[in-house]
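Trainee: pasting the structure only:
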């Protein structure tokens, strides 16, 4: 049979990807995710090491289709400057002696800077996002932990390893590497349902000492639970005469579950139950689960296994084990030990010994190699052919002891609790006899997690990790707002909106507070959108206490706001709508900036009220403010009339329904560098200025529960000169953040005395991104997902976690063979020559013949959606 290499399969898949194009978005086969929203493959395609070439081609076709799902055909987007037609020059002064004057603007240094943000994607991961200052519990984003929706109830599947509250359960439905599985005991013909879950607790907060968002008091737990009934896996599958309902009294030792090579999931991987022990007399009293100290469960991974007859060998690496004989009955239970011999690669006998059935024999070679030899059962006989032993060589074995840690090394912080139940409890049969669950808990972590920090689940072997990604806001999600005290402003202000000479007043040397936003048209005042406004702190036009000035686009003067919505009747408070921090644009629901002197003698309070998400079931707002005081006839940002500096802001945390009124108690508060519960970043204050980066959307803490090999992507930036184009692909937000067009001096085509020209209309120049016949401030494109590992792997190298697409039947692919063996019935290849079926975390794509396998692959591809 001709074989095909994985490299050739990968090459075939890559070739198909280059030719194909498809839409971006999560792809599914039935309810199984094949790619996520960012195009990252969530599966591995497995082909047998001894597969026929047709199996390799089928695997390549599937891999090619999956690869295509991670791509979208490119579109060309061009960064250009718009609004230049509104730029003109006006004659300012001077007298022409050479005829008419024509002023022409000069434009230079044409360059547009773009932020290109690739949203962080972690492969094979479960992402969850609690609000800032929220508990990690059942109901995220409500900042409470005591509501009924926040707590897990004491049911079969939803009992928390800790208290009912402050806990988040992640099931195998959400995180496929711990998907539920069917456990089969082929010796007894019994089957069980296993459910895995990972539990977390902690809180997301801003840390003033570290100046960053952190996850604190993070606790982790892992549970494997057997839930097909109310009891779990029995210690014995057949009972001795007179045992009653005591399932620890087996008909024979061969009826112990730990002799049956039962494979269970542990931390998402396949392990054999190699041993179980319970404490005699331990009982639940007929109800509940007993976490019995000292009881044990041993789990192992087999490196090799087979039934050996006398003289046959089983090898592992450079060493082999030979069955020499089956001994005579020994001891009170009449066990027949296996006589074994250990040889090196040269056939030299290194050790001989005997091993009782049900025990594991450990031997260490001089080179440090440790052999663990498990004898499941032995069969004595009178002839050589009638004697045999069922033997495995373990590559790894661990013994979990309830009430102890996993080990005293890398897992010293992980406590073990083994839960047992008592089936058929009576006063005479009061013995725990069913394995209900294995629970691992790490309560020891006290470190504060910062962006990029990870916690292992468990320390060794590390299979899963919890990563904290910091706040989920990128640079493009912020709008910088700047406050500046301007004691030398020169504004032409109209008492109305006519800008006529008789209706205007020149303000020079007034005490003005300038407020500006980086994003155009951020503020709304009397129906006009602006990104700068002034507040007169000294009074004008009748000695009003406060005045609000703004300049609409195209206006030749500044308007004096008169609407009560923006300045109250007593002129003691200014309110400006700011949709960037709250869609409702109100004090009650967030989205306003304000200045007032309601409770500040000799000064003003300057602040913002923003939408902060939910507290319980009600929308909440948070608020932050600083003070302005008149010191030596000049207003300064400070904490009092006697102080010249300020290092604090007042912050009112998220309160459902909003804080009462605008005023806050000053100057108590938090450090000036702070992150609000919305995610806004408030910066340091000096005497003449203050600024904050307003979060355009409500930010959250960003967590990824992932397999160890999952990797996150990073954001990037590009700078394009105006008119340059760039072809971009996949899930990328392209935002035109600034344009550095220099509209400079005006050239004059006439001569005369002191003729000068001034450029106008520069504020209308902005960057636009155009493509696909559309033009906007931002566009969404697509990017190819860059694989960090092989998409196609051999069955011998396939990880057992995650979703596997196994191509080929049980004779050509070991993964398919193991998966099909877990099914309720074997595959009838005559009746069903084409098989596309899910077994646990494995999707088997196979056929009776090579043509049938090709058909199976085509069927699988066609069913992707």
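Mentor: Great, that's in hand. Quantities reported herein were computed from a predicted structural model and do not represent experimental measurements. Numbering: from 1, shown residues only.
Trainee: all contacts plus neighbour counts: C-alpha atoms, from now on.
Mentor: Noted.
Trainee: Identify the single longest helix in the protein, thanks.
Mentor: helix 53-69 (DSSP state H).
Trainee: Show me what that one packs onto, helices and strands only.
Mentor: helix 6-19, strand 32-35, strand 43-47, strand 792-794, strand 803-807, helix 850-862 (3 or more CA pairs under 8 Å, 6 or more residues apart in numbering; DSSP states H and E).
Trainee: Which of those has the lowest mean pLDDT?
Mentor: Comparing mean pLDDT over the helices and strands packed on helix 53-69, the weakest stretch is helix 6-19, at a mean of 36.
Trainee: burial count for residue 399?
Mentor: 16 (other CA atoms under 10 Å).
Trainee: Please apply the same query to the one 10 residues further on.
Mentor: Applying other CA under 10 Å, we find 10 residues neighbouring residue 409.
Trainee: what's the distance between it and residue 377?
Mentor: 33 Å (CA to CA, to the nearest Å).
Trainee: Equivalent analysis for residue 355, please.
Mentor: Distance of residue 355 to residue 377, computed by CA to CA: 10 Å.
Trainee: Next: residue 577.
Mentor: Taken as CA to CA, the span from residue 577 to residue 377 is 79 Å.
Trainee: When the two are compared, which one has more neighbours?
Mentor: Ranked by neighbour count (other CA under 10 Å), residue 577 and residue 377 place residue 577 first, with 26 against 22.
Trainee: wait, residue 307 sits on residue 389?
Mentor: Yes: when contacts are counted by CA atoms under 8 Å, residue 307 is listed as touching residue 389 (5.7 Å).
Trainee: Which one's more surrounded, the two?
Mentor: residue 389 (24 against 17).
Trainee: so who does residue 523 touch?
Mentor: 529-532, 576-579 (CA atoms under 8 Å, 6 or more residues apart in numbering).
Trainee: any chance of the residues you listed in a markdown table, plus secondary structure, distance to residue 343 and pLDDT?
Mentor: Below are those laid out as a markdown table (DSSP: H, G, I helix; E, B strand; the rest coil; distance: CA to CA, whole Å; pLDDT from 0 to 100):
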| residue | secondary structure | distance to residue 343 | pLDDT |
| --- | --- | --- | --- |
| 529 | strand | 86 | 95 |
| 530 | strand | 85 | 95 |
| 531 | coil | 83 | 94 |
| 532 | strand | 85 | 94 |
| 576 | strand | 85 | 95 |
| 577 | strand | 83 | 94 |
| 578 | strand | 80 | 95 |
| 579 | helix | 78 | 91 |
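Trainee: which sections of the stretch 501-650 of the chain are below the confidence cut-off?
Mentor: Filtered on pLDDT under 70, the stretch 501-650 of the chain yields the residue ranges 502, 509, 539-544, 598-602, 640-648.
Trainee: Quickly list what residue 440 is bridged to.
Mentor: Judged by DSSP bridges, the bridge partners of residue 440 are residue 222, residue 416.
Trainee: Test my guess that it contacts residue 219.
Mentor: No: Residue 440 is beyond contact range of residue 219, at 11.1 Å (criterion: CA under 8 Å).
Trainee: Neighbour count: those two, which is higher?
Mentor: Between residue 440 and residue 219, counted using other CA under 10 Å, the more crowded position is residue 440 (26 against 18).
Trainee: Of all pairs in the contacts of residue 523, which one is the farthest apart?
Mentor: Farthest-apart pair in these is 532 and 579; separation 14.4 Å (CA to CA).
Trainee: Show me how the protein divides into domains.
Mentor: Taking automatic domain parsing as the reference, the chain has its domains at 6-71+786-862, 80-119+717-782, 125-293+442-471, 298-396, 480-695.
Trainee: got a list of what residue 591 touches?
Mentor: 577-585, 608-611.
Trainee: In TSV: those residues, plus secondary structure and distance to residue 242.
Mentor: TSV is the format used below for those (DSSP: H, G, I helix; E, B strand; the rest coil; distance: CA to CA, whole Å):
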residue	secondary structure	distance to residue 242
577	strand	82
578	strand	80
579	helix	78
580	helix	76
581	helix	74
582	coil	73
583	coil	74
584	coil	75
585	coil	78
608	strand	78
609	strand	75
610	strand	73
611	strand	70
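Trainee: Closest one to residue 414 out of those residues, please.
Mentor: Of the contacts of residue 591, the one sitting nearest to residue 414 (CA to CA) turns out to be residue 611, at 40.3 Å.
Trainee: so how far is residue 679 from the closest one?
Mentor: Separation of residue 611 from residue 679 (CA to CA) stands at 10 Å.
Trainee: ok, these two, which is more surrounded?
Mentor: residue 611 (31 against 28).
Trainee: give me the beta-bridge partners of the more buried one?
Mentor: Here residue 611, judged by DSSP bridges, has bridge partners residue 621.
Trainee: my read: it touches residue 680, true?
Mentor: No: look at residue 611 against residue 680 with CA under 8 Å: they stay out of range, at 10.5 Å.
Trainee: residue contacts, residue 399?
Mentor: Residue 399 sits in contact with 296-299, 406, where contact means CA under 8 Å, 6+ apart.
Trainee: Adding neighbour count, distance to residue 631 and secondary structure, write those residues out as a markdown table.
Mentor: What follows is the contacts of residue 399, written out as a markdown table (neighbours: other CA atoms under 10 Å; distance: CA to CA, whole Å; DSSP: H, G, I helix; E, B strand; the rest coil):
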| residue | neighbour count | distance to residue 631 | secondary structure |
| --- | --- | --- | --- |
| 296 | 22 | 75 | strand |
| 297 | 19 | 75 | strand |
| 298 | 17 | 76 | strand |
| 299 | 25 | 75 | strand |
| 406 | 24 | 66 | coil |
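Trainee: Where is pLDDT lowest across those?
Mentor: Per-residue pLDDT puts residue 406 lowest of those, at 92.
Trainee: wait, isn't that one in contact with residue 400?
Mentor: Yes: taking CA under 8 Å as the definition, residue 406 is a contact partner of residue 400 at 5.9 Å.
Trainee: what do those two both touch?
Mentor: By CA under 8 Å, 6+ apart, residue 406 and residue 400 have these common neighbours: residue 416.
Trainee: Tell me, how many residues neighbour residue 407?
Mentor: Using other CA under 10 Å, residue 407 has 18 other residues around it.
Trainee: low-confidence ranges in the stretch 101-250 of the chain?
Mentor: Using pLDDT under 70, the stretch 101-250 of the chain drops low at 101-124, 144-151, 153-160, 162-165.
Trainee: ditto for the stretch 351-500 of the chain
Mentor: 488.
Trainee: what about 90?
Mentor: 367-369, 381-386, 395-396, 407-411, 424-431, 443-447, 452, 458-463, 474-476, 485-500 (pLDDT under 90).
Trainee: Could you tell me which residues make contact with residue 517?
Mentor: Counting by CA under 8 Å, 6+ apart, the residues that residue 517 touches are 479-482, 531-532.
Trainee: Which one of these is nearest to residue 687?
Mentor: Of those, the one sitting nearest to residue 687 (CA to CA) turns out to be residue 482, at 13.3 Å.
Trainee: what's the burial count for the closest one?
Mentor: Residue 482 has 17 nearby residues by other CA under 10 Å.
Trainee: I'd say it and residue 690 touch.
Mentor: Yes: counting by CA under 8 Å, residue 482 does reach residue 690; the two are 6.0 Å apart.
Trainee: out of the contacts of residue 591, who's nearest residue 312?
Mentor: Looking across these and measuring by CA to CA, the closest to residue 312 is residue 611, at 74.2 Å.
Trainee: ok, that closest one to residue 586 distance?
Mentor: In terms of CA to CA, residue 611 sits 9 Å off from residue 586.
Trainee: With residue 29 instead?
Mentor: Residue 29 is 46 Å from residue 586, by CA to CA.
Trainee: can you give me the strands for the stretch 301-450 of the chain?
Mentor: All strands of the stretch 301-450 of the chain, identified by DSSP state E, counting those that start in this stretch, fall at 313-316, 319-326, 338-343, 349-355, 359-364, 370-379, 388-401, 415-421, 434-442.
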